[in-house]
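K.L.:
Model the structure of this input:
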Amino acid sequence: MIKRLLFNSSFCHFLGDNCKLARRKSHKSVGFASSVKFLRPNHSQKALAMAEQSQKQTSRTTSTHRYTNRLASEHSPYLLQHAHNPVNWYPWGEEAFKEARKRDVPIFLSIGYSTCHWCHVMEVESFENEEVAKLLNDWFVSIKVDREERPDVDKVYMTYVSALYGGGGWPLSVFLSPDLKPLMGGTYFPPDDKYGRPGFKTVLRKLKEAWETKKDTLVKSGAFAIEQLSDALSASASSSRVQEGLARKAMELCAEQLAGSYDSKLGGFGSAPKFPRPVEIQLMLYYSKKLEEDGNLPKAKEILQMVLFSLQCMARGGIHDHLGGGFHRYSVDECWHVPHFEKMLYDEGQLANVYLDAFRITKDVHHSGVCRDILDYLRRDMIGSSGEIFSAEDADSAEYEGAPRKKEGAFYIWTSSEVEDIVGEYAPIFKEHYYIKPSGNCDLSIMSDPHNEFKGKNVLIERNSTDAVASKFSMPVEEYVNILGMCRQKLFDMRLKRPRPHLDDKVIVSWNGLAISSFARASKILQREPKGTKFNFPVVGANPKEYMEVAEKAAYFIRRHIYDQQKCRLQHSFRNGPSKAPGFLDDYAFLISGLLDIYEFGGAIFWLAWAIELQDIQDELFLDRKGGGYFNTPGEDPSVLLRVKEDHDGAEPSGNSVSVINLVRLASMISGSKSDQYKKNAEHLLAVFEKRLKDTSMAVPLMCCAADMLFFPSRKQVVLVGQKSSAEFDKMLTVAHASYDPHRTVIHVDPNDNEEMEFWGANNGNIAAMARSSFAAEKVVAHVCQNFTCSPPISDPGSLEALLSKKPSSSSPSPSSS
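P.N.:
Residues are numbered from 1 along each chain as shown. From the prediction side, this is the model:
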């Protein structure tokens, strides 16, 4: 309904003769950028050559540029990339809006991000083109937005374009009225008419004509579109309660649908292009655990095997950077082989966590090694001097210094002769292991390299087991893996001499929250690796405790630089100072989750106290107390026309899904009315999305987990009491986190710490009383509590581990009872 209204109300007003074609292919019009970006058509190579020259120019002083616009004073790397276009760009803000009102012209809004391949292409083809720039400057006010810096603005107009065409992507190109109502939108436009679709110059001319002749109609249709979207996306719950049994049904439906899309041959859920969507993996791990608890062991094993095989295929594939660590954004083929080469922090943080959970379940050091691989990549390449964690690395780079153009993947791919020259006598082993061929290896699928861009090049992929290839070379496995590690180190060292991809060194609070979580959790979970476990390059093999230091430094950076301690408000991001944009729901929710992990995995009570403070602020800024759920923005910026309650768990989880889990965790730590309110807010939130959970649960996998967590009969609490500086305390805390149990909360108290005792005295008197009564010098005591009863005190790690593997039974009250 919304899509039909939007289409009829705006697009056809100015496409004229092209309207029937556009209507017939409307689902492809926006998808054009999405489809071609997976296939990397050849016409983009010239554009990238120009982009290379353009980016070289942006590094020079302003005096060497022919053009300089208002973006030159911005901090965003993406905006700075456009600071010397001939387009007279404005940043998002009142100056631009006022200019549009003064001139009575439409606004052209272009949204992208610094590592976006097709954003670079459109810049070179259109925004560096003086003819196009003149049209934009004469007829429009042009605004450039970094979607990572202003996700609130992006959400409004991406929602509009997605409703109009059934899909979206970046660059996002939208025309607005001076009062910011959308008139027409799309994604990537080529400069000239192609394939029966209007080019960018045609669109500009048609929009200008329509504005001059049908302005009132366009403005009314834009206002109507926003009204329709606002009504649809700010849903309220008619009840604060959720239908009984819905959580389990939603989880089962989601798992069944994912299982139906499972690729049993190549791993993963769905077909090409394949994205490593961690929220789906989390759902399947969670569901497998539920089936195991229900006694359905065959089905539990089947679901678990889908996950483990998928994780293995991803780690062996080219989507995994075998030399430098970490994962690329997605695979263009079904084999997890040829990726889109950009690396995003939100992927790394979530993937590290799912590999950690796989290790907890299987005790297989393959999974812990992949987690280390990701975290060590972040430590080496993505962390600033003050502990801040950067956002992304680009897919494109120059093949050599002074190259006339950038190419996607140039930093990561190899010829067979290069490998032979670098690794020397071990080349046959390495080439066999990573499927390296003189003709190039991007031939596993017709989707891998349809335009022969990688002809003669190789993307490293493991197609056979280590044992099998070692046996083929009559070599002990340990010697074989050591040789592979040495070869990877040599290739990595040589790779460092190549021009690096662009680093987006913007610090985004929400993405840092995801990474903080994985570093904190790894600090304890990885201590369960067998003694003597050996790792090879690029894994460093660091003491897991070092990962907690990384988590805490990143959290300290946010508190010092992106959090206003006077106003108690987060900003969204930081680069050369805090961004103008306020913190959004995801920033609060993801950071709270990370802080809870820092605390539960051994951090100071300070982090838990800050998490509670942030939850209070989140409720104040975003909670719909009457209708339920959290809005994505504070609603304080009149230029942001939609206030959405986001539920979709995609590349990133939704802030609402994460918030339910946060509220469940907090409710299990805090007692009394505040604990009750946490649970009420969580259930009211789920009531808002009841229809989504019931009908399309596959779109909200993490929310399915969150709903089941909320309605789980009794969450297990492990309360550790003792001196936190002792080795015994560390051992007990490690055991408390050793096994996979999403229904477990770990609380630790040092009775000698006055700050901690004051905190628990104010927030959960039962915990404080338990700490006082259980404390014994030189001894660490654990209580395992569930169903309003607690176990007798345990002081032996082995006994604690045994108890956590079964349901506890005792007679004293649970510390969560008020």
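
K.L.:
Residue ranges in this protein under the pLDDT threshold?
P.N.:
Applying pLDDT under 70 to the chain picks out residues 1-63, 807-818.

K.L.:
Go through stretch 475-487 and flag the buried ones.
P.N.:
For stretch 475-487, a neighbour-count test (16 or more other Cβ atoms under 10 Å) marks 480-481, 483-485, 487 as buried. For every residue, glycine as well, the C-beta is placed using N, CA and C.

K.L.:
which one of those residues is nearest Leu570?
P.N.:
Closest approach to Leu570 among the buried residues of stretch 475-487 (Cβ to Cβ): Gly485, at 41.2 Å.

K.L.:
For the residue nearest the centre of the chain, which residues are in contact?
P.N.:
For the chain, Tyr346 is the residue whose C-alpha lies nearest the centre (Cα atoms, centre = their mean; 2.9 Å). Tyr346 is in contact with 510-511, 514, 651-652, counting by Cβ atoms under 8 Å, 6 or more residues apart in numbering.

K.L.:
That one is in what secondary structure piece?
P.N.:
helix 345-362 (DSSP states H and E).

K.L.:
Please compute how far that helix lies from its chain's middle.
P.N.:
Distance of helix 345-362 from the chain centroid (Cα atoms, centre = their mean, to the nearest Å) equals 13 Å.

K.L.:
Could you list the buried residues of it?
P.N.:
Per 16+ other Cβ under 10 Å, helix 345-362 contains these buried residues: 345-361.

K.L.:
Quick one: the helices in the stretch 651-800 of the chain, in order.
P.N.:
655-667, 673-688, 690-695, 701-711, 727-736, 754-763, 765-774, 797-804 (DSSP state H, counting those that start in this stretch).

K.L.:
Give me the contact list for the second one.
P.N.:
The reference is to helix 673-688. Contact with helix 673-688 is made by 235-242, 246-247, 615, 619, 623-624, 627-630, 645, 656, 659-660, 663-664, 666-668, 670, 693, 703, 706-707, 710, 763, 816, 818, as judged by Cβ under 8 Å, 6+ apart.

K.L.:
what's the answer for the third one, then?
P.N.:
Helix 690-695 is contacted by residues 237, 242-243, 246-247, 249-250, 647, 686, 699-700, 703-704, 707 when judged by Cβ under 8 Å, 6+ apart.

K.L.:
so which of these would you say is closest to Cys119?
P.N.:
Ala699 (26.3 Å).

K.L.:
okay, now the closest residue to the closest one other than its chain neighbours: neighbour count?
P.N.:
Distances taken as Cβ to Cβ, 6 or more residues apart in numbering place His648 nearest to Ala699, at 5.6 Å, with adjacent residues excluded. When neighbours are defined as other Cβ atoms under 10 Å, His648 has 17 of them.

K.L.:
again with Pro198
P.N.:
By the criterion of other Cβ under 10 Å, Pro198 has 23 neighbours.

K.L.:
Next one: it relative to Gly186, how far apart?
P.N.:
9 Å (Cβ to Cβ, to the nearest Å).

K.L.:
which residues do the two both contact?
P.N.:
Between them, Pro198 and Gly186 share no contacting residue, judged by Cβ under 8 Å, 6+ apart.

K.L.:
now the helices: where do they sit in the stretch 501-650 of the chain?
P.N.:
Under DSSP H, counting those that start in this stretch, the stretch 501-650 of the chain gives helices at 509-525, 545-561, 585-600, 605-622.

K.L.:
and the angle for the first one with helix 345-362?
P.N.:
What it means is helix 509-525. Helix 509-525 runs at 20 degrees relative to helix 345-362, counting by axes from the mean of the first three to the mean of the last three Cα atoms, to 10 degrees.

K.L.:
Which strands and helices lie in contact with helix 509-525?
P.N.:
helix 345-362, helix 365-381, helix 545-561, helix 585-600 (3 or more Cβ pairs under 8 Å, 6 or more residues apart in numbering; DSSP states H and E).

K.L.:
Longest helix in this structure, by number of residues?
P.N.:
helix 200-233 (DSSP state H).

K.L.:
Toward the C-terminus from that one, list the very next helix or strand.
P.N.:
Immediately after helix 200-233, counting by DSSP H and E, sits helix 246-260.

K.L.:
Quick one: list the elements packing against that next one.
P.N.:
helix 278-293, helix 297-316, helix 690-695, helix 701-711.

K.L.:
Please identify the most buried of those helices.
P.N.:
When these are scored by mean count of other Cβ atoms under 10 Å, the highest mean neighbour count falls to helix 701-711 (a mean of 26).

K.L.:
Return the angle between stretch directions for it and helix 655-667.
P.N.:
30 degrees.

K.L.:
Can you list the helices and strands that helix 701-711 packs against?
P.N.:
Going by 3+ Cβ pairs under 8 Å, 6+ apart, helix 701-711 lies up against helix 246-260, helix 278-293, helix 655-667, helix 673-688, helix 690-695.
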